[in-house]
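Student: Sequence and predicted structure are below.
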Amino acid sequence: MTVRAGILGATGAVGQRLIQLLEPHPEFEIAALTASEDSAGKRYDEAAKWRIDVPIPDSVAEMTVGATTPEDVPDDVDLIFSSLPSSVGEEVEPAFCEAGYIVSSNSSNARADDDVPLTIPEVNADHIDLIEVQRDERGWDGALVKNPNCSTITMVPPLAALDEAFGLDRITVSTLQAVSGAGYSGVTSMEIIDNAIPHIGGEERKMETESRKLLGEFDGAEVSWHGARVDASCNRIPTLDGHLENVWTDTEADATVEEAKEAMRSYPTLDLHSSPEQLIHVFEQPDRPQPRLDRDADNGMAIAAGGIQETDGGLQFNCLAHNTLRGAAGASVLNGELLLERGYL
């Protein structure tokens, strides 16, 4: 089965990554592109300032960009990928769902809503069935599915492995986040060169709430959020791609370093097209992972972990993921693959 897919916000940074991942995809076909009113009606190669280090696919370059409304997307599109700013997504995405489209969204709006699946397929694939609750409550023929924030995606798989093995009481994280996470114009060179910015607006709250929802239990009707306390400090540094994070945990059961490494290494991946061969790569070297060296593991879809140490009451570790691949566009594509596997498309 080939799924006809549309991309909302196709000219932006994540939209370009979605094109990069979807154009050669064996299960998805790019059938519609939308962007702002300034871009609507133009050829894609005229509307987009292409910044990916591979050429624009010829088939996409010649496509006409539409406006971001359900009326401008063909009826035979099966799945919508959204990379809209959250202020736009909160208005536009429900309109697409009401019109019968299934939306796999990277935008931050609605992630905490009780009836919206927030999923990392390897961690909480069962949460996807919140779609049934959502449709009953909202009367939609379509559906809205979210992937979490790029910094949350980086730490949750290792945390899920530790929680399954030892239980988690408290999580503290300090991030070192790449500039691409702010978009192409989000941080100027004068702000970030020779500098670090010890605050990213709204990011701490996203990490603190989204991680608890992702690690929660779904009983078929609702998600009970994980009870661990989560505290986050988010920092922007002058790397291009790859969010590096320092994480401290208090565990319910005692855990040795070797037991923690084994829990992460053995945490299962999935058999979806974009799934990494191994979800969590564990390094023995104390100075790994590093963004430049490790962000592209398994086509940028793996999580890297290292520096695992015992602490008083728990464990400390470092983790890393490619923020625009695993943390954004790739996460939305993986959710689309999960929707297909579970029969929602």
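Tutor: Great, that's in hand. Residues are numbered from 1 along each chain as shown.
Student: mind listing the helices for the stretch 51-200 of the chain?
Tutor: Counting by DSSP state H, counting those that start in this stretch, the stretch 51-200 of the chain has helices at residues 58-61, 86-98, 121-124, 130-138, 150-166, 189-192.
Student: can you redo the ones you listed as TSV with distance to Glu245 and mean pLDDT?
Tutor: Bear in mind the C-beta positions are built from the backbone N, C-alpha and C, glycine included. Converted to TSV, the helices of the stretch 51-200 of the chain look like this (distance: least, C-beta to C-beta, whole Å; pLDDT from 0 to 100):
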stretch	distance to Glu245	mean pLDDT
helix 58-61	33	95
helix 86-98	22	96
helix 121-124	16	98
helix 130-138	27	98
helix 150-166	5	98
helix 189-192	18	96
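Student: How is the nearest residue to Pro121 once chain neighbours are set aside classified with respect to secondary structure?
Tutor: Spatial nearest neighbour of Pro121, excluding adjacent residues (C-beta to C-beta, 6 or more residues apart in numbering): Leu338 at 4.5 Å. Judged by DSSP: H, G, I helix; E, B strand; the rest coil, the three-state class of Leu338 is helix.
Student: hang on, isn't Leu338 packed against His273?
Tutor: No: if you go by C-beta atoms under 8 Å, Leu338 and His273 don't touch, sitting 10.6 Å apart.
Student: of those two, who's got more company?
Tutor: Set Leu338 next to His273 and count neighbours by other C-beta atoms under 10 Å: Leu338 wins out with 23 against 16.
Student: gap between that one and Asp250?
Tutor: For Leu338, the distance to Asp250 equals 31 Å [C-beta to C-beta, to the nearest Å].
Student: Equivalent analysis for Ala161, please.
Tutor: The gap separating Ala161 from Asp250 is 16 Å, by C-beta to C-beta.
Student: next one: Thr209
Tutor: With distances taken as C-beta to C-beta, Thr209 is found 19 Å from Asp250.
Student: can you check Glu137 too?
Tutor: According to C-beta to C-beta, Glu137 stands 36 Å off from Asp250.
Student: Neighbour count: these two, which is higher?
Tutor: The neighbour comparison of Glu137 against Asp250 (other C-beta under 10 Å) goes to Asp250, with 18 against 11.
Student: show me what contacts the more buried one?
Tutor: Residues in contact with Asp250 (C-beta atoms under 8 Å, 6 or more residues apart in numbering) are Leu168, Asp169, Arg170, Ile171, Gly313, Gly314.
Student: Give the burial count for the first one, as a bare number.
Tutor: The burial metric for Leu168, expressed as a neighbour count using other C-beta under 10 Å, is 24.
Student: Any idea what it is bridged to?
Tutor: Per DSSP bridges, the residues bridged to Leu168 are Thr251.
Student: can you offset everything so residue one is 175?
Tutor: Sure thing, new numbering starts at 175, so read that last one as Leu342.
Student: was I right about it contacting His400?
Tutor: Yes: in terms of C-beta under 8 Å, Leu342 counts as a neighbour of His400; the distance is 7.3 Å.
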